[in-house]
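>>> This is a predicted model, with the sequence first.
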Amino acid sequence: TFILYTDASKVGLSAILSQKGGDGKIHPIAYACRRCSPAEQNYCATDLEAAALVFGVKRFDTYVRCYPLSVYTDHSALQALMTAKDPSARMIRWRIALQEYDLVIRYRAGRINTNADSLSRMFADEAGVEPTVAAAAAESQGTRGIDREPVSRVDLAHNRLTKMQRADPDYKPIWEFIESGALPADDKQARKIALQSHAFVVQDGLLYFVENGKSHRLRLAVPHSEREALVHENHGTGHLGEEKVFGLLAQTFWWPHMRADVGRWCRACLICASARIGPHYRAPLKPIPIGGPFERVGVDVLSLPPTARGNSKVVVFIDYLTKWVECVPTADETADTIARLFIEHVVCRHGCPNELLSDRGPAFMSNLLAEVLKQCRVKKLNTSGWNPRCNGETERMNRTLIAMLKKTCAETTLDWDDQLPFVVFMYHNVEQASTQATPFALLFGRTCRMPTSTALHYRRPRYQLEPGTYAEQLQQHMAESWEVARGFVERAQQRQKLHYDKNSRSRRYQVGERAFVHMPLETLNKDRKLSRPNYGPYEITAISDTNADLQLVDDDQVRLSVALDRLRPCYKEVPNISYTGRSKRRYVRRQRKEARAVGDGRGQSRECEPAADQEQHPYNLRSRQK
């Protein structure tokens, strides 16, 4: 019977073939080890240990092929190697290879399996990586491996610490008074030292602070040069809050103004600042003034399941006064499509609006759409970054449209584009709560003749009017209707503002102040629960009642315009080093490229400051051009 000890690390595989002798002791027969390939270095812990087992069996094939073999490993999961359900393709290949041998896999604790462990780590110095499988297991779980012999950044060697305490200005007078009774010449300072000395004691050549209370616990007096490193080492392990870090350090250490120092150094942590949740401030609501029919039009793109005709998008145009909506199914949302639909369904049907409001989607920020709007004398307004509420009329219409289509397309979602015209028709003939009228009536000055009216033989009253007289009266009637609708909308806005402002908590930011930006859309990935959502710090370059213009503190080419709700306070202790997520290099490179394009007149940046011929809209909007 042969015995095989195996082990694996990030850099090497090892195996030791042994056999029990006549004296009852186990004697080694042969040693084997090799370096891990680049692919094997990416294996998880179980695959690494299994690779070491297969390596050892194959290396000593001439010894063990015809004899029973006991394999010892420090990875207990390998005991189920031959019986585990749903193995990977790699494990299946190894199972087939090992079926030729009469072997039994047994577990041996890592603290005992040191013979094979030392061989697997013999390449560690050359590779410059942590060799233990524990590190590989930790990495496979998405966490940092823990060194077997952690090295502290704080040097608290006994002799060195004694010298530092004696030379420290906070402790030197106390040392002198305890040893020789010497006091400073200044009477005030002398009384202070005499009173403080009762709280200190020298033990084993080190100065300790004696804690008040029943415990009289001794706390080591830390020199000034070691304090910051000590705080950073204890805080950096779990990035706990300043109170918890202070409580942890206060069990063992002491120095003057310790609580204030711990708080200051913890607040300077960029990682904590970018991951901090609160406090959350919400600026008061500022309603957008309403003009006449089709003076301001909102636009957005709604994504839906693909249909049999290939449509997967709905381009939604909505008038802010009459609530008339144009919903056009389409297969894409390119700039060419948006510009064409705007001309066909808005300009050709209702005329050129004064303003077009959209979010900062690529199609809406394109140069093509900007040129089309310029030719139509339409001012382009963009919402601030990550703030869809600014275009709330369109967003609310999307929600209504989804609710209606969800009910009419209950059996299949492949024909929603067939149902869309009928859904929009019904919406146009339903009274809106904000205007107290139907969109059809506000736009055409009459009620729509519905199919039900025809079925009931309803006859509309006939008016004997000349066309000119009718047009004049209709115009007067429409003007009165629009004024009444505008009044209803304004009252609805005031009710919404009153309700919204009940939970608002505003904070006054100043130009030049630093702040973080909360960007949940940037962090919606598969590991969003572990992502840090606050980017920055940014410096505020301009501010209004509802939004702010920002630039990175360490790169003024990266600029944003965001709602005040997205801002998070930045402690003054945080250094001027920015965090912009895991894709920072790509993000900064894109910002610089767009900034250069704007400077050369070749394009418009999504996040950069507007050019000189653009204006900042006072209601949390940004104008593309005049």
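Good, I have the coordinates. Residues are numbered from 1 along each chain as shown.

>>> Every contact and neighbour count from this point should use C-alpha atoms.
Noted.

>>> Would you mind confirming that residue 567 makes contact with residue 516?
Yes - distance between residue 567 and residue 516: 5.7 Å, which falls inside the contact criterion (C-alpha atoms under 8 Å).

>>> Who are the contact partners of the closest residue to residue 416 other than its chain neighbours?
Counting by C-alpha to C-alpha, 6 or more residues apart in numbering, the nearest residue to residue 416 once its immediate chain neighbours are dropped is residue 409, at 6.2 Å. Listed by C-alpha atoms under 8 Å, 6 or more residues apart in numbering, the contact set of residue 409 reads 415-416, 419.

>>> Same check on residue 2?
Residue 2 is in contact with 17-20, 64, 67-70, counting by C-alpha under 8 Å, 6+ apart.

>>> So which of those residues belong to strands?
Members of these lying in strands (criterion: DSSP state E): 17-20, 69-70.

>>> can you put those in a markdown table and add distance to residue 548 and neighbour count?
Converted to a markdown table, the ones in strands among the contacts of residue 2 look like this (distance: C-alpha to C-alpha, whole Å; neighbours: other C-alpha atoms under 10 Å):
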| residue | distance to residue 548 | neighbour count |
| --- | --- | --- |
| 17 | 70 | 25 |
| 18 | 72 | 18 |
| 19 | 76 | 17 |
| 20 | 78 | 13 |
| 69 | 72 | 21 |
| 70 | 70 | 20 |
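
>>> List just the nearest of those to residue 83.
Using C-alpha to C-alpha, residue 70 is the member of the ones in strands among the contacts of residue 2 that sits closest to residue 83, with 16.9 Å.

>>> isn't that closest one right up against residue 16?
No - applying C-alpha under 8 Å as the test, residue 70 and residue 16 come out as separate, 11.7 Å apart.

>>> which neighbours do those two share?
Here residue 70 and residue 16 share the contacting residues residue 4, scored by C-alpha under 8 Å, 6+ apart.

>>> related to what we said a few turns ago, out of the contacts of residue 409, who's the most crowded?
Top of these by neighbour number is residue 416, holding 23 neighbours under the definition other C-alpha atoms under 10 Å.

>>> Who are the contact partners of that residue?
In this structure, residue 416 makes contact with 307, 405, 409, judged by C-alpha under 8 Å, 6+ apart.

>>> Which SSE is immediately downstream of the host helix or strand of residue 517?
Under the assignment given by DSSP states H and E, the secondary-structure element containing residue 517 is strand 514-518. Under the assignment DSSP H and E, the closest C-terminal helix or strand after strand 514-518 is strand 534-543.

>>> looking at this, residue 165 is in a helix?
Yes - remark: residue 165 belongs to a helix, assigned using DSSP: H, G, I helix; E, B strand; the rest coil.

>>> Use 48 as the first number from now on
Done: numbering now begins at 48, and the last item shifts to residue 212.

>>> which residues does it contact?
When contacts are counted by C-alpha under 8 Å, 6+ apart, residue 212 touches 218-219, 253-254, 268-270.

>>> Let me know the secondary structure of residue 102.
Under three-state DSSP, residue 102 falls in the helix class.

>>> what about it, neighbour count?
19.

>>> buried ones in stretch 245-259?
Neighbour-count burial for stretch 245-259, counted by 16 or more other C-alpha atoms under 10 Å, picks out 247-248, 253-258.

>>> Pull the most distant pair out of those.
Across the buried residues of stretch 245-259, no pair lies farther apart than 253 and 258, at 15.7 Å, counting by C-alpha to C-alpha.

>>> what residue ranges in the chain score low on pLDDT?
Counting by pLDDT under 70, the low-confidence segments of the chain come to 171-203, 260-261, 326, 457-459, 499-522, 524-525, 529, 567-575, 629-673.

>>> Show me the domain layout of it.
Domain assignment for the chain, taken from automatic domain parsing, gives 49-187, 205-314, 343-508, 561-670.

>>> Skip the chain neighbours and tell me the closest residue to residue 431.
In space, not counting the residues next to it along the chain, residue 431 is nearest to residue 609; the distance is 4.9 Å by C-alpha to C-alpha, 6+ apart.

>>> The one you found and residue 435 touch, don't they?
No - counting by C-alpha under 8 Å, no contact exists between residue 609 and residue 435, whose distance comes to 10.9 Å.

>>> more crowded one of the two?
A count of neighbours by other C-alpha under 10 Å puts residue 609 above the other of residue 609 and residue 435, at 25 against 15.

>>> which parts of the helix or strand where that one lies are buried?
Assignment of secondary structure by DSSP H and E places residue 609 within strand 602-610. If you call a residue buried by 16+ other C-alpha under 10 Å, then strand 602-610 has these buried ones: 604-610.

>>> Just the residues contacting stretch 244-253, thanks.
205, 208-209, 212, 221, 224-225, 254-258, 267.

>>> Tabulate the CA atom coordinates of that stretch in PDB.
Extracted in PDB, the C-alpha atoms of stretch 244-253 (Å, rounded to 0.1, in the frame of the first residue of the first chain):
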ATOM      1  CA  SER A 244       1.200  61.900  36.400                       C
ATOM      2  CA  HIS A 245      -1.200  60.100  38.800                       C
ATOM      3  CA  ALA A 246      -2.900  58.700  35.700                       C
ATOM      4  CA  PHE A 247       0.300  57.100  34.300                       C
ATOM      5  CA  VAL A 248       2.400  54.200  35.400                       C
ATOM      6  CA  VAL A 249       5.700  52.800  34.000                       C
ATOM      7  CA  GLN A 250       5.700  49.000  33.600                       C
ATOM      8  CA  ASP A 251       8.400  46.900  31.900                       C
ATOM      9  CA  GLY A 252      10.000  50.100  30.700                       C
ATOM     10  CA  LEU A 253       6.900  51.400  28.900                       C
END
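
>>> check contacts around the residue nearest to residue 431.
If you count contacts by C-alpha under 8 Å, 6+ apart, residue 609 has them with 431-434, 594-597.

>>> same deal with residue 97?
In this structure, residue 97 makes contact with 125, 128, judged by C-alpha under 8 Å, 6+ apart.

>>> Repeat the analysis, applying 10 Å as the threshold.
Contacts here follow C-alpha atoms under 10 Å, 6 or more residues apart in numbering; on that basis residue 97 touches 53-55, 60, 103, 120, 122, 124-125, 128, 137-138, 141-142.

>>> Among those residues, name the buried ones.
Of all those considered here, the ones buried according to neighbour count by 16+ other C-alpha under 10 Å are 53-55, 60, 103, 120, 122, 125, 128, 138, 141-142.

>>> which one of those is nearest residue 340?
Comparing the buried ones among the contacts of residue 97 against residue 340 with C-alpha to C-alpha places residue 138 closest, at 69.2 Å.

>>> Give the bridge partners for the residue nearest to residue 431, please.
Applying DSSP bridges to residue 609 gives these bridge partners: residue 432, residue 595.

>>> I'd say residue 378 and residue 348 touch.
No - shown here, residue 378 and residue 348 do not form a contact pair, counting by C-alpha atoms under 10 Å, at 11.2 Å.
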